[in-house]
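>>> Generate a structure from the sequence data that follows.
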Amino acid sequence: MQVTVPVAEPYEVIIGDGVISELPGLLKPGVNKVFLIYPQPLQYLMEPVKAVLHGAGLTVIAHGVPDAEAQKTSEVLVHCWELAALSGITRSDAVVTVGGGATTDLGGFVAATWLRGIQVVHVPTSLLAMVDAAVGGKTGINTPEGKNLVGSFYQPNGVICDLVMLVTLSPRDFSAGLGEVVKCGFISDPVILDLIKQNASQLVPWQGADTDAATWKVVAELVQRAVQVKAHIAGDDVFEKGDREFLNYGHTLGHAIEHAEDFKWRHGEAISVGMVFVAELARLSGLLTDDDVALHRELLSSVGLPTSYSNATLTELLPAMQRDKKTRDAQLRFIVLEKDLNNNYTPTRLTGPNQELLDQAFSQITVRSSFS
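Residues are numbered from 1 along each chain as shown. Next up, the predicted model:
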C-alpha cells in the first residue's frame, strides 16, 4: 500500500511486508553514492538495506551513529558532515536513513544542510518513526536547552515502511509508537481509536515474530491510517504556520518531560502523559467532559502507556514548555480538543491559560505511577 504526501514535489510512503526492495526506485536517476546513516545497535537492520543498494549498483558509505537521542547533537552532526566530505558525497548523491525517529531527524538534517540540500530516503525501523518522524519533512537536532530547537523542513524523496522491521521491536518501543498512533486518532481519525479499543489486548504486549496474521493486519491498517493523517495535515501546512500544529497534540508537556528525564522516557510515553494533561486542560476550560478525559486514560493505558507523571513539578517543567515552538509572545499555546456539531473531536488552540488552570490540570496527572 502507498500513501502520497501532497507537498510541492509529492512523494510516496510505501507500506508493507518486504517492501525494502523498492528503495532504489525512490532515488532519482544519476545517484552514484549513498551515505547510509544508522544507529550502531541496528547494524543488523542496516545490512539488508545496504545489500539492496549494492544490488542496484550503488556505492554505499555506511556510518554508524549513537543510539536514540544521543545521536541528535551538534557533535554527531559535524562528524557526519566531515565524513560526507571525505567520502566525496556530491549534490547528485543521496542520504538514506535506517533507524528510529532520532535517525530520520538527524539524517534528514544532514541531507538538508550538506551542499545546501541533497536527496534523502527514510527507512524507519520503529512504529513511532513510521507513523510520525519519517513523514512530513521535519528534521533537526537537540540542544542542552531543549528538543528539536535546531532544524529545518526538508522533504524526503520517499519513505519505506517495511513492516518486517517491527518484528525486532521491544514491547516498550512498540507501545511508545502506539502513543503517536492514538494521537492521530484523537485529532483526525476516530477509526484509529476504535481499532485500538478493539485490539489493545492483541497489540500489547507486542509479540514480535509470534504476532498472528490478524494482528499484523490491524498493525498495517493503523500504520496506513496514521500516515494518512500525517500526510494530509503536513501536506497542507508544510512549514507549520497553521494547522500542522495540531500534530503536536500532547507535545508541549511531552517534550518537557523528555527533557526532564534526560530522554530516558520514550517519546510516545511522554506525549501520552501530555495528551492526558491537555485533555484535563480542555475539560477545565469547558471543551471536553469527564468521559472524554477518561477515554484518553483508558486507551493510552490499554496499550501500556503512562497517564501520570510526578518526577518533576510544573514549575520545573515550565521553562522547557515555554521554549515550545508553539509559544508566541511569551504565551503558552496548547493544542486541545473540543467537540464539533457531530460530537466528534476536533483540534483547536488554547492560548495563555492562567497559572491556576495549569496547576489544576497538572494536579490531575501527578498521581504517582509505577512507570519508569
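
>>> can you pull the contacts of Ile233?
Taking CB atoms under 8 Å, 6 or more residues apart in numbering as the definition of contact, the neighbours of Ile233 are 187-188, 243-244, 246-247. (Each C-beta comes from the backbone N, C-alpha and C, glycine too.)

>>> What score does it have for pLDDT?
Each residue has a pLDDT score; the one for Ile233 is 94.

>>> can you check Arg244 too?
The model reports Arg244 with a pLDDT of 92.

>>> Tell me the spacing between the nearest residue to it once chain neighbours are set aside and Thr139.
Across the structure, with CB to CB, 6 or more residues apart in numbering as the measure, the residue nearest Arg244 apart from its sequence neighbours is Asp237 (3.8 Å). Look at Asp237 and Thr139: by CB to CB, to the nearest Å, they are 16 Å apart.

>>> out of the two, which sits in the more crowded spot?
Remark: of Asp237 and Thr139, Thr139 carries more neighbours, 26 against 16, as counted by other CB atoms under 10 Å.

>>> beta partners of the more buried one?
The residues paired with Thr139 through beta bridges, assigned by DSSP bridges, are Ser152.

>>> can you check Val98 too?
Beta bridges link Val98 to Val123 when assigned by DSSP bridges.

>>> Can you tell me how far it is from Ile37?
For Val98, the distance to Ile37 (CB to CB) stands at 7 Å.

>>> same question, Met1
For Met1, the distance to Ile37 (CB to CB) stands at 26 Å.

>>> hey, C-alpha coordinates of the host helix or strand of His79 in CSV?
His79 is part of helix 74-86 when elements are defined by DSSP states H and E. This file holds the C-alpha atoms of helix 74-86, laid out as CSV (Å, rounded to 0.1, in the frame of the first residue of the first chain):
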residue,chain,number,x,y,z
SER,A,74,25.9,19.1,17.1
GLU,A,75,29.0,16.9,17.5
VAL,A,76,27.4,14.0,15.7
LEU,A,77,26.1,16.3,13.0
VAL,A,78,29.5,17.8,12.4
HIS,A,79,31.1,14.3,12.2
CYS,A,80,28.5,13.4,9.6
TRP,A,81,29.4,16.4,7.5
GLU,A,82,33.1,15.6,7.8
LEU,A,83,32.6,12.0,6.7
ALA,A,84,30.4,13.2,3.8
ALA,A,85,33.2,15.5,2.7
LEU,A,86,35.9,12.7,3.0
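
>>> Strands of the stretch 101-250 of the chain, residue ranges please.
Taking DSSP state E, counting those that start in this stretch to define them, one finds strands in the stretch 101-250 of the chain at 119-124, 138-143, 146-153, 158-162.

>>> For the last one, give the mean pLDDT please.
Think strand 158-162. If you average the pLDDT values across strand 158-162, you get 97.

>>> Next, the angle strand 119-124 makes with it.
For the pair strand 158-162 and strand 119-124, the angle between their directions (axes from the mean of the first three to the mean of the last three CA atoms, to 10 degrees) equals 20 degrees.

>>> Please point out which parts of strand 158-162 sit buried.
Buried residues in strand 158-162, defined by neighbour count with 16 or more other CB atoms under 10 Å: 158-162.

>>> what's the answer for the longest one, then?
Within strand 146-153, the residues that qualify as buried by neighbour count (16+ other CB under 10 Å) are 146-148, 151, 153.

>>> Output the contacting helices and strands for it.
Using 3 or more CB pairs under 8 Å, 6 or more residues apart in numbering; DSSP states H and E as the contact criterion, the elements in contact with strand 146-153 are helix 101-113, strand 138-143, helix 251-260.

>>> let's go with 10 Å and repeat that
Contacting strand 146-153 under the criterion 3 or more CB pairs under 10 Å, 6 or more residues apart in numbering; DSSP states H and E are the following elements: helix 101-113, strand 138-143, helix 251-260, helix 314-322.

>>> I'd like to know which of these lies nearest to Gly286.
helix 251-260 (19.9 Å; CB to CB).

>>> Just give the number of residues close to the residue nearest to Ala56 when sequence neighbours are not counted.
Taking CB to CB, 6+ apart, and ignoring the residues beside it in sequence, Ala56 has Pro24 as its nearest neighbour in space, at 3.8 Å. As a burial measure, the neighbour count of Pro24 was computed by other CB under 10 Å and equals 17.

>>> Can I get the strands of the stretch 101-250 of the chain in CSV including distance to Glu221?
Conversion of those to CSV gives the following (distance: least, CB to CB, whole Å):
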stretch, distance to Glu221
strand 119-124, 17
strand 138-143, 24
strand 146-153, 28
strand 158-162, 13
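
>>> Among these, which one carries the weakest average confidence?
Of all the strands of the stretch 101-250 of the chain, mean pLDDT reaches its minimum on strand 146-153 (a mean of 87).

>>> Show me how far the helix or strand containing Ile271 is from its chain's centre.
Under the criterion DSSP H and E, the helix or strand holding Ile271 is helix 267-284. In terms of CA atoms, centre = their mean, to the nearest Å, the gap separating the centre of helix 267-284 from the centre of its chain is 16 Å.

>>> what packs against that helix?
Using 3+ CB pairs under 10 Å, 6+ apart as the contact criterion, the neighbours of helix 267-284 among helices and strands are helix 101-113, helix 127-128, helix 171-187, helix 251-260, helix 290-302, strand 333-339, strand 345-351, helix 355-363.

>>> what's the most buried one of these?
Of all the helices and strands packed on helix 267-284, helix 127-128 carries the top mean neighbour count, a mean of 29, counting by mean count of other CB atoms under 10 Å.

>>> Need the contact partners of it.
Helix 127-128 has contacts (CB atoms under 10 Å, 6 or more residues apart in numbering) with 100-102, 134, 161, 163, 165-166, 169, 173-181, 206, 219, 222-223, 226, 266-268, 271.
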